[in-house]
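Need coordinates for the below:
(chains A and B)
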Amino acid sequence: AQSVAQPEDQVNVAEGNPLTVKCTYSVSGNPYLFWYVQYPNRGLQFLLKYITGDNLVKGSYGFEAEFNKSQTSFHLKKPSALVSDSALYFCAVRDDNYGQNFVFGPGTRLSVLP
Amino acid sequence: ETGVTQTPRHLVMGMTNKKSLKCEQHLGHNAMYWYKQSAKKPLELMFVYSLEERVENNSVPSRFSPECPNSSHLFLHLHTLQPEDSALYLCASSQDPATRASYNEQFFGPGTRLTVL
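Numbers count the residues shown, from 1 in each chain, chains lettered A, B, ... in the order given. Modelled structure (predicted):
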């Protein structure tokens, strides 16, 4: 079975500081990993994904994420946070075995303080 | 938005009403999804349609009835709902291959905020 954990309900960071939003996963096959962001009263927006290859993937708005197979993690990072990054962030996984759907984590609320 | 539209954006209904949510995708995708998003709970996958055929129904109560007349449109018909059905209902689409797992991301609509009185 697939599962995703986001151990922090809330992350607070000062503007200009680096940010990390954590994600760990469990799949039976190989993982396809995704990060999405949700702003108030909006749907989820795709940020980046890992399929294969380089463990560090870069995405929209200066975000990047690092795939770590041994730790089954896919943490989202940004070198310098902006107040406008404040939102709800979701990690999602899809097993590479055919027939599996996306499984989303519970979400982490990021607050960037001016 | 992202090429996926949903109407209405807000809906208030009584428990005896019948209403429908509509989703339309303008991205040429072949798969569409309904999700339920409740406060402090993970996204719940409700229904999946691939090539206009329902491929998954995650034990959703029969008071929710999906319809996918073509690859661009998806409906969720609602009747005799309960107050605990109040949530944000999100529609998504993606381009999925027919014979292997897809690594394509999903594109989401803005959602319909449903309140059941």
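
List the contacts of whatever residue of chain A ends up closest to chain B.
Going by C-beta to the nearest C-beta, chain B is nearest to A:Gly43 of chain A, at 3.5 Å. Glycine gets a C-beta too; all of them are placed from N, C-alpha and C. A:Gly43 makes contact with B:1-2, B:4, B:6, B:90, B:92, B:108-111, according to C-beta atoms under 8 Å, 6 or more residues apart in numbering or on different chains.

With respect to chain A, which of those residues is nearest?
B:Phe108 (3.5 Å).

Can you report how many residues neighbour the closest one?
26 (other C-beta atoms under 10 Å in any protein chain shown).

from what I can see it touches A:Phe34, true?
No. Using C-beta atoms under 8 Å, B:Phe108 is not in contact with A:Phe34, being 11.8 Å away.

thought B:Gly28 was touching B:Ser94?
No. At 11.0 Å, B:Gly28 does not count as touching B:Ser94 under the criterion of C-beta under 8 Å.

ok so, going back, ok, now how distant is the residue of chain A closest to chain B from A:Gln10?
21 Å (C-beta to C-beta, to the nearest Å).

for A:Lys49, same thing?
Taking C-beta to C-beta, one finds A:Lys49 at 24 Å from A:Gln10.

helix or strand for the residue nearest the centre of chain B, which one?
Residue closest to the average C-alpha location in chain B (C-alpha atoms, centre = their mean): B:Trp34, at 2.4 Å. Using DSSP states H and E, B:Trp34 maps to strand B:31-37.

ok, then the element right after that strand?
Counting by DSSP H and E, what follows strand B:31-37 is strand B:44-50.

Pairing partners for that following strand, with directions?
Looking at strand B:44-50 with DSSP bridges, its partner strands are strand B:31-37 (antiparallel), strand B:53-57 (antiparallel).

ok, and for that strand, which residues are buried?
B:45-50 (16 or more other C-beta atoms under 10 Å in any protein chain shown).

Show me which residues of chain A sit near chain B.
A:4, A:32, A:34, A:36, A:41-46, A:49, A:51, A:90, A:94-102, A:104-107 (C-beta under 8 Å from any C-beta of the partner chain).

For B:Trp34, give me its contacts.
B:23, B:45-47, B:66, B:74, B:76, B:89-91.

Turn those residues into a markdown table, including pLDDT.
Shown next, in a markdown table, are those (pLDDT from 0 to 100):
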| residue | pLDDT |
| --- | --- |
| B:Cys23 | 98 |
| B:Leu45 | 91 |
| B:Met46 | 93 |
| B:Phe47 | 92 |
| B:Pro66 | 94 |
| B:Leu74 | 96 |
| B:Leu76 | 97 |
| B:Tyr89 | 97 |
| B:Leu90 | 96 |
| B:Cys91 | 96 |
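
pLDDT below threshold where in chain A?
A:98-100 (pLDDT under 70).

Do a quick rundown of the strands in it.
A:3-5, A:10-14, A:19-21, A:24-26, A:31-38, A:44-50, A:56-58, A:64-68, A:73-78, A:87-95, A:103-104, A:108-113 (DSSP state E).
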